[in-house]
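**Q** I would like to see how this sequence folds:
(chains A, B and C)
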Amino acid sequence: MSFTRRNALALGSAAIAVTLLPLRAFAASEKSMEAITAFADGATVAEGGIELTTPEIAENGNTVPVEFSAPGAKRVMLLADGNPSPGVATFNFGALADPSGSTRIRLAGTQNVIAIAEMADGSYTQVAKAVKVTIGGCGG
Amino acid sequence: MKKFTKTLTCVIAASAFATVAVADEDAKLIINDELKIETNVAASADSPLDELFSGWVFRSNETQLMQMDDFDNPSFIFVEQAEEQFAKVDGTEGKACATCHEDVASFKGLRTVLPRHNASTGKLDTMATLINDCRTDRMGAEPWKFSKGKMTSMKALISLQSRGMPMNVAVDGGAAEAFEKGKELYYTRVGQLDMSCANCHEDNYGNMIRADHLSQGQTNGFPTYRLKNAKLNSIQGRFKGCMKNIRATPYKEGSDEFTALELYVASRGNGLQVESPSVRN
Amino acid sequence: MAKARVKAPKTAAAGEMVTIKTLVNHPMESGQRKDKEGNLIPRKIINAFTATFGGEHVVAAAFEAAISTNPYFQFSFTVPATGDLVMKWTDDDGSMIEQTKTITVA
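**A** As a prediction, this is how the structure comes out:
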């Protein structure tokens, strides 16, 4: 199946536009930093080791699907760095569990979603993903 | 296909927002790993559209996924509530829907032919009016408001029984007058923004309107769970919303205008399979 | 309180990883919204979820107001033997929803 030519053009030009849009460097807000420090009990937090899946553009900021997988983690915390209150959820995994999960969250605007994990060996790591949140068109 | 000549410069921008990550042309809709829905079907010879696309096609990957499993689809919270309501006695006659209708599965096919001409009343029946007629005339119960939870949930349950069946509303005979009225409404510009349904849904489907990916405005997926308001939305509820968006005074839900429009819009989607209850943005 | 919708397999092989989907009907009133008079609508959310299997802790989650209306949570775990997956959701007001799914290992 194919859209009409004008649709294909719209899709094509937009693709280029996206790669040129500056993505915010990962610098968490003060509130987020507080939450991360509390979660990690002040320890240094490395980067990487978590697969965080978020949409590049949220279809609607009211319901944004988020998935994470942190192999070897005991706990994972999700933060929405640009929300009035960054806390989203904290997960505590038992021995039977796979340290992964999927949920739907509210994002107040374009921002980073941050996942922080406490690993089995007591170390900490984090990953951030930028999510664009838009105001809809006539869908309101 | 009608050519769109008047430019909507203030409304439709050649948006810099990516649409690549948004619509996957090759995505296939298979519900619960078993029910295949053809989201792109050929239009009939006399259709103003070249081909028909389900609204599912225009949504982001993540939104599309939500409709593919009845446990991911939040509509089913309300379908379950309606199942309970169906079995519940309501009204002065001491009846439940189930008293007469036994199994809700007996409504298979109904969604595909509504709205339809009622020979005795001379008007169109919609699912909402059929439900309320039963409630008031046969159950002695209060009619439900068109877009409130109980009504949309019951519509979702009844529509679900036709899921996968192609839409097939009649536009001839007794329905011809309403069809023509609905068609006129569809193509008439209204509101401060002076727009008709066709301006977006016929002339510009596939384009972005700000950050929204415009669909053909088909109704085969209603009632639909919208991410925007996290609840089920009805067709005429959506008509109302659309009219407000273009700053026009909406017709009333259940009005002759909206019912005629519902018939016309449904006919534009004849051939698309019922996806109710669907998930949209 | 509302019911939960849970997708869980009825059977599994010993040691098999299974995925559970959960969905609860709840407004998740964030406490940020205002009513027509401009007053803040008080927060009322599901703030916790726990799942145990055969009495053993699988996952415990704390939810904040950023979790969407009709909270959805999908998780996975390894099934050691036949047992009950017991899931509990707790509302801010202390009320709870509970649901159990039995998974049988042949």
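**Q** what about the helices in chain A?
**A** Taking DSSP state H, the helices of chain A run over residues A:5-20, A:30-39.
**Q** what sits against residue B:107?
**A** The contact partners of residue B:107, by CB atoms under 8 Å, 6 or more residues apart in numbering or on different chains, come to B:101, B:158, B:161, B:162. Quick note: C-beta positions are derived from backbone N, CA and C, even for glycine.
**Q** just the buried ones among those, please.
**A** Buried subset of those (neighbour count, 16 or more other CB atoms under 10 Å in any protein chain shown): B:158, B:161, B:162.
**Q** need the contact list for residue B:238.
**A** Counted by CB under 8 Å, 6+ apart, residue B:238 has contacts residue B:222.
**Q** what's it sitting at in phi/psi?
**A** Main-chain torsions, residue B:238, degrees, to the nearest 10: phi -70, psi -40.
**Q** for chain A, state which of the contacts of residue B:107 is nearest.
**A** residue B:162 (23.8 Å; CB to the nearest CB).
**Q** backbone dihedrals for the closest one, please?
**A** Dihedral angles (degrees, to the nearest 10) for residue B:162: phi -100, psi 10.
**Q** worst average pLDDT in the helices of chain A?
**A** Sorting the helices of chain A by mean pLDDT places helix A:5-20 lowest, at a mean of 42.
**Q** contact residues of chain A facing chain C?
**A** A:62-64, A:80, A:83-85, A:87-98, A:100-107 (CB under 8 Å from any CB of the partner chain).
**Q** 6 Å instead, please
**A** By CB under 6 Å from any CB of the partner chain, the part of chain A that sits against chain C consists of A:63, A:80, A:83, A:87-94, A:96-98, A:101-106.
**Q** that's a helix at residue B:132, yeah?
**A** Yes - per DSSP: H, G, I helix; E, B strand; the rest coil, residue B:132 lies within a helix segment.
**Q** poorly predicted segments of chain A, please.
**A** For chain A, the stretches with pLDDT under 70 are A:1-26, A:135-140.
**Q** re the thing from before, closest one to residue B:277 out of the buried ones among the contacts of residue B:107, please.
**A** residue B:158 (10.3 Å; CB to CB).
**Q** what residues are up against that closest one?
**A** residue B:107 (CB atoms under 6 Å, 6 or more residues apart in numbering or on different chains).
**Q** can you name the next helix or strand after the host helix or strand of it?
**A** Using DSSP states H and E, the element containing residue B:158 is helix B:149-160. Once helix B:149-160 ends, the next helix or strand along the chain (criterion: DSSP H and E) is helix B:176-187.
**Q** buried sites along that next one?
**A** Buried residues in helix B:176-187 (16+ other CB under 10 Å): B:178, B:179, B:181, B:182, B:183, B:185, B:186.
**Q** distance between the helix or strand following it and the chain's centre?
**A** Next helix or strand after helix B:176-187 toward the C-terminus (DSSP H and E): helix B:197-201. Distance of helix B:197-201 from its chain centroid, counting by CA atoms, centre = their mean, to the nearest Å, is 16 Å.
**Q** can you tell me if helix B:197-201 touches chain A.
**A** No - interface with chain A: helix B:197-201 contributes nothing (CB under 6 Å from any CB), its closest point being 6.7 Å away.
**Q** any idea of the mean pLDDT in that helix?
**A** 97.
**Q** which other residues reach it?
**A** So helix B:197-201 is in contact with B:186, B:187, B:214, B:216, B:217, going by CB under 6 Å, 6+ apart.
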